[in-house]
Every structure is written in C-alpha cells, then in structure tokens.
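> below are the sequence and a predicted model; questions follow.
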Amino acid sequence: MTDDLHDLLGKAFADEPPLTIDRAAVLADGKRRLRRRHTLAAGGVALAVAVAVVGTSALAGGAFGLDPPDEIQPAERTAVQLTPTPRSAGPSSTVTQAPVVVTTKTPPTSASVTHRPELPSLAIPHETRARLSDAMQFARIPWPSGVGLRPGFADSANWYEFDGQGALAAELVTTRGSRQLSVQVAATADGPAITQCGNPKTVPDCDYRELPDGTRLEVATVPSNKELAQVLAARPDGTTVLVMEYSGGREDRGSRVLPEDVLVAIATLPGLKR
Amino acid sequence: MPDRDAEFGEYLDSRAVVMRRTAFLLSGGDWHRAEDLVQTTLAKIYVAWPRLNRENGVDAYARKVMVRSAIDDSRRAFRRRENVVEYLPEVGVPPAGVDDAVDVRRALAQLPPGQRAVVVLRYWEDLSVAETAHALGKSEGTIKSQAAKGLATLRKLLAGGRVLLEGPR
C-alpha cells in the first residue's frame, strides 16, 4: 500500500519543469547566513557601527610577541588547558598593553567612519588562512588560568584554525561550563563591521579608543545578553578584526571568561592581517 | 580542511531535483514555491555543512529544515500565493497524466500543512513513524493520527476520481 501511495504522490510531477535553482545564489545566501551567524552569534540587537582605519604606523613593536607559548598545544577535538602568560617574566615573554591615548563613550565622528550592515568575510586564499592560523596558534595571548580551548568549527582540527572566510570559532572550556570565542578578520577596505555599540539600551558600556599606532577600538559589553563582550579593532594595516566572547554551547556557564585585555590582545595581533 | 563550497556544490547538484519534488508536495503543488523552499533549505544546510557532512546527517537535516520551513510558509496568510502577470497564459492541451497530477495536487493542497508534511514524509520519503516524528518534532502518536487523518482526507477527495486510496496498513 505504501508503494501505491508513493506512486500516487509521484503522479503529481507529471509536468515537472526544468530545474532553475541558481547554485551561485544558494551559495551566496549560505555565505550571508554564515557571516551573520558568526557576527551575531550571541544574538541581541546589533546596530551597524563602523570604524575605519586611520594612521599608518605599525603596531607598537613587540606589544604582542609572536613566540609560541609553551603551554598551548594543538587540540584534537579536546580542550587544551592554558596557563596565563606571565606579563613581566622577561623580555621574551613580556606582554605589554599599548597605552590608550583616547577613550570616549561616544563614537568617533571623523569622515573615515562609515556604516555597513555587517562585517565582510570574503573568501581568502589558502595561504592567508594558514598564515592567520599560525599567527593565532603562536601568539602570546594572556589567557586566564583554568580556560581550555577546543575547535568551534566542526571541520577544524585545532581551535586556532581560521576558515576560508577569515573566521575562527573556538569553545572556551572551564570547569563551570563553556563559552564561545569568535574572531573575524576582514580587510577594512571591504567595509567595517557590526558591533553592539550604538544602542545605549542594550550596550550600557561601550568605549571608543584609539591606540598610539592609529588602531581604533570599539569595546562593548552587553550584560543583559549573558555578558556578551566584543572588541572591534580597525587597524592601520588595513585589517579589521572583530573578537567576541559570548554564551552558547551545550554547557554554557553564562558568565564571562576572558577579560577585556585578552580580547584586545587578539584583536590587535599583528599577524592577523588580511 | 575540506573545501566547503566544492563539497556542498556536489551535494546541491546531486540532490536538488529530489529535494524539489519533496518541496513540491510539501508546498501543495507549486513549483515556484518548491524552488524557493529548496533554495532556503540549501542555504541553511550550507551554514551547518561541516558538521552535517561529517556526521552523514545532511539528508535528515535537509528534510527537517524543509518541512518546518514549508509549514511556517503555509502559515503566512496568502503569502505570494497570487502573482500578477502582464499577459494571460495560453491554454494548451495538457500532456498525458496531467489530469491525475492536478487531482493529486489539489487534494494535497487541501490538507492542513502539518498533515501534508506527515503524508509526504511517510509515503513519499518513506520515513518510518519514528523518523517522521523526529523530523517534525512531534510524538509518534501524533504522527500516526495525522497520517490517518491525512489519508482519510485524500481518500475522500480522490475517491470519486481516477485514483482510489486504500486504508493505511
């Protein structure tokens, strides 16, 4: 009888027209959804606030060294325990936050500021992807103690691997549950990014800063959204980096794991250059 | 890292026709809506592609997304159901089999979206009761009930015509 019903339903296709599904349009739609998911993974109301890059000097020399931290090992679908990097243990391991010269609660109003709906995450060459992954793997990030990292993308073997669109997703594992880390690297020329800044109702704490090298930072925290934290860096090397920590995952711990200086350290890593 | 676009593109090419047929039945016999449904479904699959591909769960996920999208779509009142055209289409002689096709489409279109989804998944996709329940997020009892009601409605609608449905086994 099931076969009869199957045949009956099959009669509905008598005048089936040729397939006109546009493969390129499907891929474009999929990429758009993927970007949106990465950018707004934590949900919440986002307003388009863009920061363009001014200045040409390099980042403060040695601000974030590229020596591989001994404690960080590649993960094979398992969490990696990270030990905080000592900040004053000597020249080779010193992590020095570049001094902030400008801090304001209002967005910059220079002509370089533009508004775009979302962070562009255009396809990048394999070499760029590998370079970004290396930069992340060997960066000396002052990870807090008790935090492990494992891949956030199902097809990533290691937490520090970027995908083909310049995005990285990692799970921050602690004994009290997990949080999510997202890093997106885009060329500033392709357009700036969404952050949660700009909406005083949802983002009571949003700072705009400028570093000595010309990097402009937006630092936003959204306590009402399970302590979502974002740092967007528009850098003089022509790269925009958006770093987010947010809730999610099967065992969400709800409270924030990474302090602001860690997010800023990632966002200003010299190696994350498009 | 595998090339997401290439793998996904292969999947799209191999499954689009089959997916469109299922979408066609789910949408109550509208090829345009079926293609919209397939495109939306494929875009959603693309987002989850690495996980789905590794776990061999692409088809199951595709069914779930498509069915739920179809039901949501059906609930939007009169959405894009009527299209304004500049010229009336010519009326030609329908090819063989079209009468039956029209009967089946009309009957399917009269089923409530939920019942239609159950009928399509059970009797077109040949899913079990448990698989259909999982895809629709409903209990197996609900699936059995809706399948029986759906078939009864189809039988009633088609009984006077060329096609006669037997009762469910």
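Happy to help now that I have it. All values derive from a computational prediction rather than experimental measurement.
> pLDDT on stretch A:131-144, on average?
Average pLDDT, stretch A:131-144: 92.
> end-to-end on that stretch?
Using Cα to Cα, to the nearest Å, one end of stretch A:131-144 lies 25 Å from the other.
> got a list of what the residue of chain B found nearest chain A touches?
Nearest to chain A in chain B, going by Cβ to the nearest Cβ, is B:Y46, at a distance of 2.7 Å. Using the backbone N, CA and C atoms, a C-beta is placed for each residue, glycine as well. Counting by Cβ atoms under 8 Å, 6 or more residues apart in numbering or on different chains, B:Y46 touches A:V26, A:L27, A:D29, A:G30, A:K31, A:R33, A:L34, B:R4, B:F8.
> helix, strand, or coil at it?
With DSSP: H, G, I helix; E, B strand; the rest coil as the basis, B:Y46 sits in helix.
> ok, back up a step: pick the one among the contacts of B:Y46 closest to A:R129.
Of all the contacts of B:Y46, A:R129 sits closest to B:R4, with 12.1 Å by Cβ to Cβ.
> and the residue nearest to B:M19 when sequence neighbours are not counted, how many neighbours?
Spatial nearest neighbour of B:M19, chain neighbours left out: B:V38 (4.8 Å); criterion: Cβ to Cβ, 6 or more residues apart in numbering or on different chains. B:V38 has 28 neighbours, counted by other Cβ atoms under 10 Å in any protein chain shown.
> isn't B:V38 right up against B:R15?
No - counting by Cβ atoms under 8 Å, B:V38 stays clear of B:R15, with 9.1 Å between them.
> what residue in chain A comes nearest to chain B?
A:G30 (2.7 Å).
> circling back: which pLDDT value belongs to the residue of chain B closest to chain A?
Looking at B:Y46, its pLDDT stands at 89.
> longest helix in chain A, please.
Across chain A, the longest stretch assigned as helix under DSSP state H is helix A:23-39.
> now for it, which elements pack on it?
Applying 3 or more Cβ pairs under 8 Å, 6 or more residues apart in numbering or on different chains; DSSP states H and E, one finds that helix A:23-39 contacts strand A:167-174, strand A:177-187, helix B:4-26, helix B:31-47.
> in it, what's buried?
A:V26, A:L27, A:D29, A:G30, A:K31, A:R33, A:L34, A:R35, A:R36, A:H38, A:T39 (16 or more other Cβ atoms under 10 Å in any protein chain shown).
> okay, that helix in CSV with CA atoms only?
Coordinates of the C-alpha atoms in helix A:23-39 are reproduced here as CSV (Å, rounded to 0.1, in the frame of the first residue of the first chain):
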residue,chain,number,x,y,z
ARG,A,23,23.7,27.4,-7.5
ALA,A,24,25.6,30.7,-7.1
ALA,A,25,22.6,32.3,-5.4
VAL,A,26,22.3,29.5,-3.0
LEU,A,27,26.0,29.7,-2.1
ALA,A,28,25.8,33.5,-1.7
ASP,A,29,22.7,33.1,0.5
GLY,A,30,24.5,30.4,2.5
LYS,A,31,27.6,32.6,3.0
ARG,A,32,25.5,35.5,4.0
ARG,A,33,23.8,33.4,6.6
LEU,A,34,27.1,32.1,7.8
ARG,A,35,28.6,35.5,8.2
ARG,A,36,25.5,36.7,10.0
ARG,A,37,25.7,33.8,12.3
HIS,A,38,29.3,34.4,13.1
THR,A,39,28.9,38.0,13.6
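> give the rounded mean pLDDT of that helix.
Taken as a whole, helix A:23-39 has an average pLDDT of 80.
> what is the orientation angle of that helix with helix B:4-26?
When axes from the mean of the first three to the mean of the last three Cα atoms, to 10 degrees is applied, the directions of helix A:23-39 and helix B:4-26 differ by 110 degrees.
> sorry, back to before: which ones are touching the residue nearest to B:M19?
With Cβ under 8 Å, 6+ apart, B:V38 has these contacts: A:I21, B:A16, B:M19, B:R20, B:A23, B:M66.
> which residues sit in contact with the nearest residue to the first one once chain neighbours are set aside?
What that stands for is A:I21. In this structure, A:I21 finds its nearest non-sequential neighbour in B:A16, 5.3 Å apart by Cβ to Cβ, 6+ apart. Going by Cβ under 8 Å, 6+ apart, B:A16 touches A:L19, A:I21, B:V38, B:L42.
> what's the closest of these to A:E260?
Distances from A:E260 to the contacts of B:A16, taken by Cβ to Cβ, are shortest for B:L42, at 39.6 Å.
> correct me, but that closest one touches B:L12?
Yes - using Cβ under 8 Å, B:L42 is in contact with B:L12, at 5.8 Å.
> need the overlap of contacts for the two.
A:I21, A:V26.
> out of the helices and strands packed on helix A:23-39, flag the one nearest A:G10.
Among these, if distance is taken as Cβ to Cβ, the winner is helix B:4-26, at 8.3 Å.
> if you count neighbours, what's buried in that closest one?
Residues of helix B:4-26 classed as buried by neighbour count (16+ other Cβ under 10 Å): B:4-5, B:8-9, B:11-12, B:15-16, B:19-26.
> run the chain-centre distance for that helix.
13 Å (Cα atoms, centre = their mean, to the nearest Å).
> could I get the average pLDDT for it?
Mean predicted lDDT for helix B:4-26 stands at 88.
> dump the residue contacts of the closest residue to A:E227 other than its chain neighbours.
Counting by Cβ to Cβ, 6+ apart, A:R256 is the residue found nearest to A:E227 once chain neighbours are left out, at 4.1 Å. Going by Cβ under 8 Å, 6+ apart, A:R256 touches A:R179, A:T221, A:E227, A:A229, A:E245.
> could you redo the last one with a cut-off of 7 Å?
Applying Cβ atoms under 7 Å, 6 or more residues apart in numbering or on different chains, we find A:R256 in contact with A:E227, A:A229, A:E245.
> tell me the SS of it?
coil.
> quick check: chain neighbours aside, which residue is closest to the residue nearest the centre of chain B?
Among the residues of chain B, the one closest to the centroid is B:L26, at 2.7 Å (Cα atoms, centre = their mean). Nearest non-adjacent residue to B:L26, counting by Cβ to Cβ, 6+ apart: B:A70, 3.9 Å away.
> same question for A:D207.
A:V219 is the one closest to A:D207 (Cβ to Cβ, 6+ apart), at 4.6 Å.
> average pLDDT for the helix or strand harbouring that neighbour?
Using DSSP states H and E, the element containing A:V219 is strand A:216-222. Confidence over strand A:216-222 (mean pLDDT, whole number) is 84.
> which elements pack onto the next helix or strand after that strand?
For strand A:216-222, the following helix or strand on the C-terminal side (DSSP H and E) is strand A:228-234. When contacts are defined as 3 or more Cβ pairs under 7 Å, 6 or more residues apart in numbering or on different chains; DSSP states H and E, strand A:228-234 sits against strand A:216-222, strand A:239-246, helix A:260-267.
> that'll do, ta.
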